[in-house]
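S.K.: just need the structure, nothing else, for what follows:
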Amino acid sequence: MRQLVVSNFDFTNPNLTEGTTNSVLEFSVAEDGKITNVHAKGGCKYVSEELEHVMKSLLYKVDVNKLNKNLMASTFIMPVSVNVNSK
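M.R.: Below you'll find the model as predicted:
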């Protein structure tokens with residue numbers, strides 16, 4: 001999933017803070033495997049917004065057969081570090 005986030009992240013936004021920004025993505029997985037309730041928190045508002053946009057627009061479903069039934073509809077937390085090179 002991290003690779004999908006990186007490959008779909010738009011680094012062209014001029015408002016992104018240069019350097020490394022640490023963020024945390026929180027999301028849920030619905031019973032059908034769809035990613036829902038996406039929220040990002042971090043040091044740069046624009047990085048957080050882009051992370052949320054990427055996660056919400058992914059054409060990806062979690063293989064619910066590989067998840068423990070107790071994990072369904074749980075909130076998952078994924079730390080993310082985004083490195084924005086100088087423009």
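
S.K.: which residues in this protein form strands?
M.R.: Here the chain has its strands, by DSSP state E, at 19-29, 35-42, 75-84.

S.K.: tell me which of those strands sits nearest to K61.
M.R.: When those are compared by CB to CB, strand 35-42 sits nearest K61, at 7.7 Å. Just so you know, the C-beta spots here come from the backbone N, C-alpha and C atoms, and that holds for glycine as well.

S.K.: averaged pLDDT, the closest one. What do you get?
M.R.: Mean per-residue pLDDT for strand 35-42: 93.

S.K.: what's the spacing between L59 and V24?
M.R.: Between L59 and V24 the distance is 23 Å, computed by CB to CB, to the nearest Å.

S.K.: those two: which is more packed in?
M.R.: Set L59 next to V24 and count neighbours by other CB atoms under 10 Å: V24 wins out with 14 against 6.

S.K.: longest helix in the protein, please.
M.R.: Assignment by DSSP state H gives helix 45-57 as the longest helix of the chain.

S.K.: so which elements touch that helix?
M.R.: With contacts defined as 3 or more CB pairs under 8 Å, 6 or more residues apart in numbering; DSSP states H and E, the packing partners of helix 45-57 are helix 2-8, strand 19-29, strand 35-42, strand 75-84.

S.K.: between these, which gets nearest to S48?
M.R.: Evaluated over the helices and strands packed on helix 45-57, closeness to S48 peaks at strand 35-42, with 4.0 Å, by CB to CB.

S.K.: buried set for that closest one?
M.R.: For strand 35-42, a neighbour-count test (16 or more other CB atoms under 10 Å) marks I35, V38, A40, G42 as buried.
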